[in-house]
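> Dropping a prediction and its sequence here:
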Amino acid sequence: MPFLSRLSPALCLIATLGLGVTLPVTAARSEDDGAYLAAQAASMDNNYAEATKYYQRLLADDPTDGRVQEGLLISLLSLGDVDAARDLAAQMVKAEKPSQVAVLVMLADAAKSGNFAAGEALLAKGGDAGQLVSGLYKAWALAGAGKMSEAMDGFEKLGKIDGLDGFAGYHRALASALVGDYESAEAIFSGKYADYFNSTRRGILAHVQVLSQLERDPDAIALIDKAYGAALPPEIAAIRKQLEAGETLPFTRIGSARDGVAEVFQSVALALNADSLPGFALIHTRLALWLRPDDVDAALLAADILESQDQFDLAISAYAEIGPDNPAFYASELGRAQAMVSAGRSDAAIEVLEQLSRTHPDLPNAWSSLGDTLRHEERYAEAAKAYDKAIALNGEPRPEDWGLWYSRAIAQERSGAWKEAEKGFREALKLSPDQPVVLNYLGYSYVEKRENLKEALEMIEKAVAGRPDDGYITDSLGWAYYRLGRYEEAVVQMEKAVELTPADPLLNDHLGDVYWAVGRTREAEFQWRRALNLGPSNDLDLNRVRRKLEVGLDVVLKEEGAKPLHPEHAQN
């Protein structure tokens, strides 16, 4: 994606899209200072609803305050209330130097109404949408006016600007396909940026439709297989089936110049998001959705961004916009369930996934996601059954399936089905022999059960070699040495583990035990107290730690029926 690496300077908009940081500062009445600071704080936290409330209050007091207008506009767009944003932007673009965000909104409004001339006029009188958006918009406006030859010249001219050639080429391909020039579109899709165009769902679908229109269904099938392999999403699987049956796919990626402008906003949104600028990406993808509400990719991107910003309720609402009749419904439901888990509503997520597994019983991802969520809730036996379904639907295991076998084995081990879990861990290692997490989990399980200690040590040493900076895996190695009676070696590894992961109560408890084993009792007691202060922990019995502080590790081991490390310390 070489042209993406040069995106930011080409767009020329990052410096002007700040949330209260780079906005023009005007004098504010002292009684408004608190509300403005609260609005800024809410904006910084991506709490768009709260920010909107404060900005609206401030704007009611002073409708001409530019910084408040800008803050409110961005908050409304981020919420997805583009209609309200449009009304505000219409006032803002009357300023001598209009806000760039307001210009973007009004360009979208002009495209939505089909009045491209209004958008061109706004740009002509100094409205700044950035070099990329302005150039693409003007070319699509020409296409909307029926001036296709001039539109193609516009795309070609834009493509001569360093860093913008990939974007211009993609849109020129779409415009060519829109008017039936599939040969030209195919030449672009298979050209310089083919790897990028064929790495996104929307690019693949556009290229596949173009190939089908050229009666090259075998090439379209080959493109799908190369992009997705055997794990086809339901929508793509249905398209592949159509191609195999010899059907000619219509070109539906875009159907008008308005769709082309929506694609402009979505192209920029994808690039900004890839450039780690999700807030700016959200604004653009909201405009893309406003122009084209059926754009699944835009809806999923908006939801994904909101989830990454911890705006889980907004993300859940965005996912819910994709209805059950949409081929991408399954993807939105998986995303909605994950957002619910992140929001602490795991029970609701499980309901969503259980329903999805009923409506899409042949979809492995539905069952594996259900298994993950049940395991998160420590409903291990149920999780194992869900994983059973996913594994059965996956068919012959592939190397990339190791994670599914590993997850099921964890659920089985936690639900007491050790023999089944052991087989699962070993199957995961057959699929991917060097996976540190699998080697560590199985090796550590053997150490805890005092089984296969030599093999367990070899597994954990291999895991540490794969992830030398992982505190938990290093802890496993130290614990293996401890179980084998190699206490001095255990101390070295445990100290390193706690250095890598200092705030974990279990690791600090383990370090206390190995200190005790080598006679460093005062340091052992310090680590046990630290473990208590860092707790609680699902993996650590804090009452046992307290007992060790009362009577020492040797007495505790004797009380548990185990052999004390220092029998002389365990005498009553």
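Good, I have the coordinates.
> who touches the residue lying closest to Ser342 once chain neighbours are set aside in this structure?
Excluding its sequence neighbours, the residue lying closest to Ser342 (C-beta to C-beta, 6 or more residues apart in numbering) is Phe312, at 5.4 Å. The C-beta positions use only the backbone N, C-alpha and C, and glycine is treated the same way. Taking C-beta atoms under 8 Å, 6 or more residues apart in numbering as the criterion, Phe312 is in contact with Leu306, Ala339, Met340, Ser342, Ala343.
> so what are the domain limits for this protein?
According to automatic domain parsing, the chain comprises the domains 4-180, 502-572.
> May I see these arranged in TSV, with mean neighbour count, distance to Leu291 and mean pLDDT as well?
Shown next, in TSV, are the domains of the chain (neighbours: other C-beta atoms under 10 Å; distance: least, C-beta to C-beta, whole Å; pLDDT from 0 to 100):
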stretch	mean neighbour count	distance to Leu291	mean pLDDT
domain 4-180	19	6	85
domain 502-572	17	48	92
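> Adding distance to Leu287, write those out as JSON lines.
Formatted as JSON lines, these follow (distance: least, C-beta to C-beta, whole Å):
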{"stretch": "domain 4-180", "distance to Leu287": "5"}
{"stretch": "domain 502-572", "distance to Leu287": "43"}
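> Who are the contact partners of the residue nearest the centre of the chain?
For the chain, the residue nearest the mean C-alpha position is Asp304 (5.9 Å; C-alpha atoms, centre = their mean). Shown in contact with Asp304 (C-beta under 8 Å, 6+ apart): Ala315, Gly335.
> now with 7 Å?
By C-beta atoms under 7 Å, 6 or more residues apart in numbering, the contact list for Asp304 reads Gly335.
> Could you do Thr248 as well?
Contacts of Thr248 (C-beta under 7 Å, 6+ apart): Ser212, Gln213.
> same thing with Thr359?
Neighbours of Thr359 in contact, by C-beta under 7 Å, 6+ apart: none.
> number of nearby residues for Glu451?
Neighbour count for Glu451, taken as other C-beta atoms under 10 Å: 12.
> likewise Ala315?
For Ala315, using other C-beta under 10 Å, the count is 25.
> Ok, Arg345 next?
17.
> how near is Phe155 to His171?
6 Å (C-beta to C-beta, to the nearest Å).
> what comes up buried for the helix or strand containing Leu442?
Take DSSP states H and E as the rule and Leu442 turns out to sit in helix 436-449. Buried positions in helix 436-449, judged by neighbour count with 16 or more other C-beta atoms under 10 Å: Pro436, Val437, Val438, Leu439, Asn440, Tyr441, Leu442, Gly443, Tyr444, Ser445, Tyr446, Val447.
> Also stretch 375-394?
Buried-residue list, stretch 375-394, by 16+ other C-beta under 10 Å: 375, 379-380, 382-387, 389-391, 394.
> average pLDDT for that stretch?
In this model, stretch 375-394 carries a mean pLDDT of 96.
> So what touches it?
With C-beta under 7 Å, 6+ apart, stretch 375-394 has contacts from 341, 346, 362, 364, 367-368, 370-371, 374, 401, 404-405, 407-408, 410-412, 414-415.
> Could I get the CA-only coordinates of that stretch as CSV?
Output of stretch 375-394 as CSV, limited to C-alpha atoms (Å, rounded to 0.1, in the frame of the first residue of the first chain):
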residue,chain,number,x,y,z
ARG,A,375,-15.4,-19.3,28.3
HIS,A,376,-15.0,-15.6,29.2
GLU,A,377,-17.9,-16.1,31.6
GLU,A,378,-16.3,-19.3,33.0
ARG,A,379,-19.1,-21.5,31.6
TYR,A,380,-16.5,-23.9,30.4
ALA,A,381,-18.5,-27.1,29.7
GLU,A,382,-20.9,-25.1,27.5
ALA,A,383,-18.0,-23.4,25.8
ALA,A,384,-16.4,-26.7,25.0
LYS,A,385,-19.6,-27.9,23.3
ALA,A,386,-19.8,-24.7,21.2
TYR,A,387,-16.2,-25.3,20.2
ASP,A,388,-17.1,-28.9,19.3
LYS,A,389,-19.6,-27.5,16.7
ALA,A,390,-17.0,-25.0,15.3
ILE,A,391,-14.4,-27.7,14.9
ALA,A,392,-16.8,-30.1,13.3
LEU,A,393,-17.9,-27.5,10.8
ASN,A,394,-14.3,-26.6,9.9
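> what does the average pLDDT come to for the helix or strand just after the helix holding Leu442?
Next in sequence after helix 436-449, counting helices and strands by DSSP H and E, comes helix 453-466. Averaged over helix 453-466, pLDDT sits at 94.
> can you state the direction angle for helix 453-466 and helix 436-449?
Helix 453-466 runs at 150 degrees relative to helix 436-449, counting by axes from the mean of the first three to the mean of the last three C-alpha atoms, to 10 degrees.
> which strands and helices sit next to helix 453-466?
helix 436-449, helix 471-483 (3 or more C-beta pairs under 7 Å, 6 or more residues apart in numbering; DSSP states H and E).
> In CSV, list these along with mean pLDDT.
Listed next are these as CSV, based on pLDDT from 0 to 100:
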stretch, mean pLDDT
helix 436-449, 94
helix 471-483, 95
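> Thanks a lot, see you next time.
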